[in-house]
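Asker: 3D, please:
(chains A, B, C and D, ligands or ions: 6)
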Amino acid sequence: MRKRLKTKFLGIEVNSPLVLPAGIMDMSFSGLSVSAKNGAGVVTSKSLTLEPRMGHKGPVVAEFASGLLNAMGLCNPGIMDGLTEINQFKERSDTPVIVSVFATNTDDFSELTKHVNKSRGDFLELNLSCPNVFDEFGIPLAASKDEVFKIVKTVKEISRLPIIVKLSPNVYDIVEIALAAEKAGADVLCLINTVGPGMLINTKMVKPVLFNKFGGLSGPCIKPVALKLIYQTYSAVNIPIIGMGGVTIGEDAIEMIMAGATLVGVGTAVYYRGVEVFNKINDEIIEFMNKSNYDSLEDIPKLEKLNE
Amino acid sequence: MRKRLKTKFLGIEVNSPLVLPAGIMDMSFSGLSVSAKNGAGVVTSKSLTLEPRMGHKGPVVAEFASGLLNAMGLCNPGIMDGLTEINQFKERSDTPVIVSVFATNTDDFSELTKHVNKSRGDFLELNLSCPNVFDEFGIPLAASKDEVFKIVKTVKEISRLPIIVKLSPNVYDIVEIALAAEKAGADVLCLINTVGPGMLINTKMVKPVLFNKFGGLSGPCIKPVALKLIYQTYSAVNIPIIGMGGVTIGEDAIEMIMAGATLVGVGTAVYYRGVEVFNKINDEIIEFMNKSNYDSLEDIPKLEKLNE
Amino acid sequence: MNNRRTLKIAKIETETDDIKTYSFKYSLNAKPGQFIMLTDFEGGEKPFSISDCTEDVFSITVKRIGEFTSHLFQKRVGDYVSIRGAYGSSFFISKGKVLLVGGGYAVPTFYFLSKVLKENGTEVTLINGARTKDEHLFSKKFNGLGIKVINTTDDGSFGEKGTSVDVAKRMLNNQRENGKMFDFVYASGPEMMMKALQPLLDNVEYEFLLERYMKCAIGICGNCTMDPLGIRLCVEGPVLPKKLVEQLTEFGKYHRDASGKRIKY
Amino acid sequence: MNNRRTLKIAKIETETDDIKTYSFKYSLNAKPGQFIMLTDFEGGEKPFSISDCTEDVFSITVKRIGEFTSHLFQKRVGDYVSIRGAYGSSFFISKGKVLLVGGGYAVPTFYFLSKVLKENGTEVTLINGARTKDEHLFSKKFNGLGIKVINTTDDGSFGEKGTSVDVAKRMLNNQRENGKMFDFVYASGPEMMMKALQPLLDNVEYEFLLERYMKCAIGICGNCTMDPLGIRLCVEGPVLPKKLVEQLTEFGKYHRDASGKRIKY
Ligand SMILES: Cc1cc2nc3c(=O)[nH]c(=O)nc-3n(C[C@H](O)[C@H](O)[C@H](O)COP(=O)(O)OP(=O)(O)OC[C@H]3O[C@@H](n4cnc5c(N)ncnc54)[C@H](O)[C@@H]3O)c2cc1C
Ligand SMILES: Cc1cc2nc3c(=O)[nH]c(=O)nc-3n(C[C@H](O)[C@H](O)[C@H](O)COP(=O)(O)OP(=O)(O)OC[C@H]3O[C@@H](n4cnc5c(N)ncnc54)[C@H](O)[C@@H]3O)c2cc1C
Ligand SMILES: Cc1cc2nc3c(=O)[nH]c(=O)nc-3n(C[C@H](O)[C@H](O)[C@H](O)COP(=O)(O)O)c2cc1C
Ligand SMILES: Cc1cc2nc3c(=O)[nH]c(=O)nc-3n(C[C@H](O)[C@H](O)[C@H](O)COP(=O)(O)O)c2cc1C
Ligand code: FES
Ligand code: FES
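Answerer: Ligands and ions are numbered 1, 2, ... in the order given. As a prediction, this is how the structure comes out:
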């Protein structure tokens, strides 16, 4: 059965279209391996920065009716230690790894890329879209098509690995950003990062629930926003898309694929359905394929493209 | 008990801080009266345009786990018939009415304002932020601080009524937009309009669920985004705010007030809790005030302002 | 709350040139008088009353009028359409002896109602009216139910000659003379038919199935509200009791189109 | 799923210069070994084990170490703090005869465990260790429980002299000679204490309460995972059984700080 979920992604064989996205259970090689063992076809590291970052004080997450707010603050052990974890993961697993990196300028992205070149990672993901370090870094780079173009072009020239560009949902025109990334040489687009950000208030203590006050929204509440942006992007570009945002059950993953995604990220659902969520969704996708008589992932139809 | 919910808003007495927002059960004088009878302190008309609009084909709404998607397409009977409904409402009720109007340029807004001047409406609301007519009109005016300034300034000069400016959540920097509106003479800010927009897909038929494909998100899923934007705006401006977005229970309304709202809109919750929702939330607010020993709405504390 | 279901058309019956009945294998659990919103995500989305509903099958009966219904008429058995509902209020299931007065495409919903009334042991008399023979609906289906049916056409081409209101008037008068009144009257059909019927119903309880332009069908857009009560016909209706109908100043006078503009009858 | 509750501090007991017990009137329904995340939305948010939990009151016992705990120590009775949880795995409630080996601020959680074990009819022996008399915890509270307690301090200033592991070693050896082994051993304290204890527990089932840097406490951030299994200590832990502890190569060797960087013990 599971064979039918196998697919090739940029020439690399993956066992399931499900991706563990950046920031979810991925601070260590062993964290990554849990998702891989539980049915993720591809895993992503925490977004790594040149220097280690302790992240924001807690509370760093807040639950609400329809999702999570988080403001981790890009905590990570830094590129060197992060790559060590990734290499250790690769010693133990064949599952392809996306190395996510974060920086605020082209030079730092270049330096990060050089480190990643020497690692056993399979893809390099440029996180241009973290919304939770606004105080520190301002509006995400992903909001400017010129910045996106510049960074991607520079990194593309030196990267040994295919490049995934992670986009922000919080932009006026996703298409112009996506096209800039594609034109600059991006091999894959990944969207969406968290939405908002948003805030919740503790009414008894009259305080924002998150220490950082604001945090990005993830989970079921953002699925419609993700689907819309993925579909617009799919309609405009010719490179594959990793779609994510609120995928919790198999049906959500099918929606992502129909909207234009080739692979599908499952993040916050780990909280709702446990680490087994990948296998559960794999099963649900197969069930859907059976009912609809789709033999392979490639058989699942896409929406007609938007005509611009 | 209910007396404690009375407050003055720009000098006008209102019986409850709850507002029926534009677009909810407000196509006719009788629709407006239902909310007024059920405990809304202020009611808003559907956004009126110069000419009648039939709106989008159906489906115009889609339910999902954490809210609604809608793409009504700004259907309305046009300013003349719309004002007739408002006048008929005012013949029967003392409840203050906000006349919401929509246009795409300063001239049309001016013309609308002249009509509204002759009506029995109490406030004029400029809807600069409808996300569901993108195909027709492009990015909402509320995304440009210069457009906002220009329109508000022009309208302010000719409007007999206090001006409420309804802002979009889908902007990079709500503060610069809010400040532009304030500087141009806005008396009140209203936020937020629907988020996204988003999309949902019917996987059996491989089609977007909404005829318009995309629709704005409302309901519980957008509350954190609303709270954050209201709080940022409250921290920056000196005019009152009507806060809305996902308010479903009394606690949500309290969060809005703590984030900086003076009045609180309740829209999509009509779907979840019926037309009685206003009285239900009024009761829940009173319950909270009792528990926390707040005598009046003005006693409910606000968050400390953000220091910019 | 999301009750959208995407179903294959299981059966299509041609009732007249312009009217078809579509059946679906699905346990809808609707009540007589309720409606669904139907779409194929291409042609729009429109409300239709449920004309039959068993444990595992339900039907709607559609008259081709304009764009959407013409589009729907292209569908074949096995094609998917998507529905949400059942929505709205349903008919009171009266005891005793009841009169059903129906006209046009709104008659089939009385098929579902009659079945439920029969099960309840109620004595049902149906006036099934149409303009002409070719438009007369469901006469065979009603025959199978063991209820009393009076067929009528405006031109006398089938059953009695006259409107269903004419027949109703005669029956109500007869009854009044006999002292054997109906316990309850139900009407479903063109609004002006019901408007004409209303003055005859001073001494009897009734329910009318009304129609207004519906968009959201979940009570938020306000397009279907009726003056001056602000009754949302998609939630508090489409079936309204006498007490409410009597208060509706717009009943039989005007309705609102898709823009909310008042249109006089 | 959102289980945040904002509660007034109902009682504060000073246990030592640096350790206080905070009690809350709230029906938490926690199990021994579980923890809460505590914040005041100003000083950060940190995990604390539940040291007592009755039907309507629960307590935590906190050692002042750094920024957050110093901040917490400023709070008075009646002040609000906000908690979420109880989170994580709990101790197995063994039958028969059990040994509890505790050290430092991690001892109080054994108060809650002991009560539950006693209710279960289990025979409890507790080794309650601290560095010195001034840091020794809960000795009076444990006296009230009717369990066997052996107090020990590294410097002999209170109870026996030696570490709790020294005492445990002696008892386990005695028992082995008597042939009357403990049915289950529980340990809670500094990781190196448990590491030293582990080799003595070849022939007996045990559970350790471990600590790792926790942020989300709901199993998504991955900060608390332990190598090489990727056990998330906030979900699968903090109480881990022998079978898992034995596989954890990082146990007693390193842990990760707030950045995820490995820190050697
Ligand atoms: C509660 C209810 C139950 C109904 N039950 C049935 C039924 O069982 N069988 C049947 O054939 N028809 C029924 N209708 C009417 C049906 O919805 C219309 O015939 C259909 O919408 C016509 O659409 P169209 O595009 O083909 O025609 P159009 O040319 O768009 O419209 C023709 C007329 O249909 C009515 N109409 C159009 N759109 C709507 C709408 N969204 N809501 C309400 N009325 C509309 C208007 O009176 C309009 O003038 C019902 C309507 C309501 C409100
Ligand atoms: C499951 C669990 C149960 C705990 N139970 C108790 C208890 O009952 N009583 C008690 O006093 N302490 C307990 N702790 C430890 C407590 O969380 C730390 O003492 C506290 O976080 C110190 O914070 P600080 O800011 O005062 O000190 P800091 O100066 O920030 O840190 C001092 C040390 O505390 C530990 N620590 C700091 N932050 C965290 C964190 N977020 N998660 C885990 N460890 C951290 C680290 O080892 C750090 O080196 C427990 C920890 C865990 C993981
Ligand atoms: C706790 C948490 C941490 C995250 N950290 C990162 C990160 O470091 N880098 C990044 O690109 N995205 C990060 N994200 C965003 C996710 O990768 C993903 O884009 C988003 O959560 C939407 O997917 P979901 O709804 O399935 O969670 C994080 C999300 C969460 C919830
Ligand atoms: C069906 C529907 C129609 C709406 N129409 C309008 C409108 O015409 N003008 C406007 O300014 N906002 C409109 N809105 C936005 C609401 O006024 C409100 O800003 C938004 O729904 C958030 O509040 P809520 O979550 O309480 O619904 C509409 C919202 C919905 C759900
Ligand atoms: S159709 Fe929208 S309220 Fe009835
Ligand atoms: S603290 Fe985040 S996974 Fe355990």
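Asker: how about the residues of the stretch 1-150 of chain A by ligand 6?
Answerer: Proximity of the stretch 1-150 of chain A to ligand 6 (CB under 6 Å from any ligand atom) involves no residue at all. For glycine as for every other residue, the C-beta is placed from the backbone atoms N, C-alpha and C.
Asker: flag every buried residue along the host helix or strand of C:Thr69.
Answerer: C:Thr69 is part of helix C:67-73, with elements assigned from DSSP states H and E. For helix C:67-73, the neighbour count (16 or more other CB atoms under 10 Å in any protein chain shown) marks C:68-69, C:72-73 as buried.
Asker: that one close to ligand 1?
Answerer: Yes: with CB under 6 Å from any ligand atom as the criterion, ligand 1 is reached by helix C:67-73 at C:67-69.
Asker: show me which of the buried residues of helix C:67-73 is closest to C:Met214.
Answerer: C:Met214 has its nearest neighbour among those in C:Phe68, at 12.2 Å by CB to CB.
Asker: show me the helices in chain C, by range?
Answerer: Counting by DSSP state H, chain C has helices at residues C:67-73, C:109-119, C:139-143, C:164-178, C:191-197, C:242-245.
Asker: could you single out the most deeply buried of the ones you listed?
Answerer: With neighbours defined as mean count of other CB atoms under 10 Å in any protein chain shown, the helices of chain C peak in mean count at helix C:109-119, which reaches a mean of 23.
Asker: what does it rub up against?
Answerer: Under the contact criterion CB atoms under 8 Å, 6 or more residues apart in numbering or on different chains, helix C:109-119 has outside partners C:30-33, C:49-53, C:61, C:91, C:93-94, C:98, C:100, C:102, C:124, C:126, C:128, C:138, C:141-142, C:145-147, C:186, C:188, C:209.
Asker: for C:Gln247, grab the count of nearby residues.
Answerer: Neighbours of C:Gln247 under the rule other CB atoms under 10 Å in any protein chain shown: 14.
Asker: count the neighbours of the residue lying closest to it once chain neighbours are set aside for me.
Answerer: Distances taken as CB to CB, 6 or more residues apart in numbering or on different chains place C:Leu229 nearest to C:Gln247, at 5.8 Å, with adjacent residues excluded. C:Leu229 is flanked by 18 other residues according to other CB under 10 Å.
Asker: can you report phi and psi for C:Leu229?
Answerer: phi -80, psi -20 (degrees, to the nearest 10).
Asker: and it, what does it touch?
Answerer: B:30, B:34, C:244, C:247-248.
Asker: in strands, which of those appear?
Answerer: Residues of the contacts of C:Leu229 located in strands (DSSP state E): none.
Asker: ok so, going back, of the contacts of helix C:109-119, buried ones?
Answerer: By 16+ other CB under 10 Å, those give C:30-33, C:49-53, C:61, C:91, C:94, C:98, C:100, C:102, C:124, C:126, C:128, C:138, C:141-142, C:145, C:147, C:186, C:188, C:209 as buried.
Asker: distance check, the nearest residue to C:Gly43 once chain neighbours are set aside against C:Ile65.
Answerer: Distances taken as CB to CB, 6+ apart put C:His71 closest to C:Gly43, at 3.6 Å, once the chain neighbours are dropped. Using CB to CB, to the nearest Å, we find C:His71 at a distance of 11 Å from C:Ile65.
Asker: tell me the gap between stretch C:182-202 and the middle of its chain.
Answerer: Relative to its parent chain, stretch C:182-202 has a centroid offset of 13 Å by CA atoms, centre = their mean, to the nearest Å.
Asker: pLDDT at the closest residue to ligand 1 within the stretch 1-150 of chain C, what is it?
Answerer: Nearest residue of the stretch 1-150 of chain C to ligand 1 (CB to the nearest ligand atom) works out as C:Gly66 at 2.0 Å. For C:Gly66, the model assigns a pLDDT of 95.
Asker: next one: C:Asn173
Answerer: In this model, C:Asn173 carries a pLDDT of 88.
Asker: residue in the stretch 201-308 of chain A with the shortest distance to chain B?
Answerer: A:Pro224 (2.6 Å; CB to the nearest CB).
Asker: can you name every helix or strand that the helix or strand that residue falls within contacts?
Answerer: Assigned by DSSP H and E, A:Pro224 falls within helix A:223-236. Helices and strands touching helix A:223-236, by 3 or more CB pairs under 8 Å, 6 or more residues apart in numbering or on different chains; DSSP states H and E, are helix A:174-183, strand A:188-191, strand A:241-243, helix A:250-259, strand B:195-198, strand B:215-218.
Asker: in TSV: the ones you listed, plus mean neighbour count, distance to ligand 3 and mean pLDDT.
Answerer: Shown next, in TSV, are the helices and strands packed on helix A:223-236 (neighbours: other CB atoms under 10 Å in any protein chain shown; distance: least, CB to the nearest ligand atom, whole Å; pLDDT from 0 to 100):
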stretch	mean neighbour count	distance to ligand 3	mean pLDDT
helix A:174-183	22	14	96
strand A:188-191	27	8	98
strand A:241-243	28	9	98
helix A:250-259	25	9	98
strand B:195-198	28	13	93
strand B:215-218	30	14	96
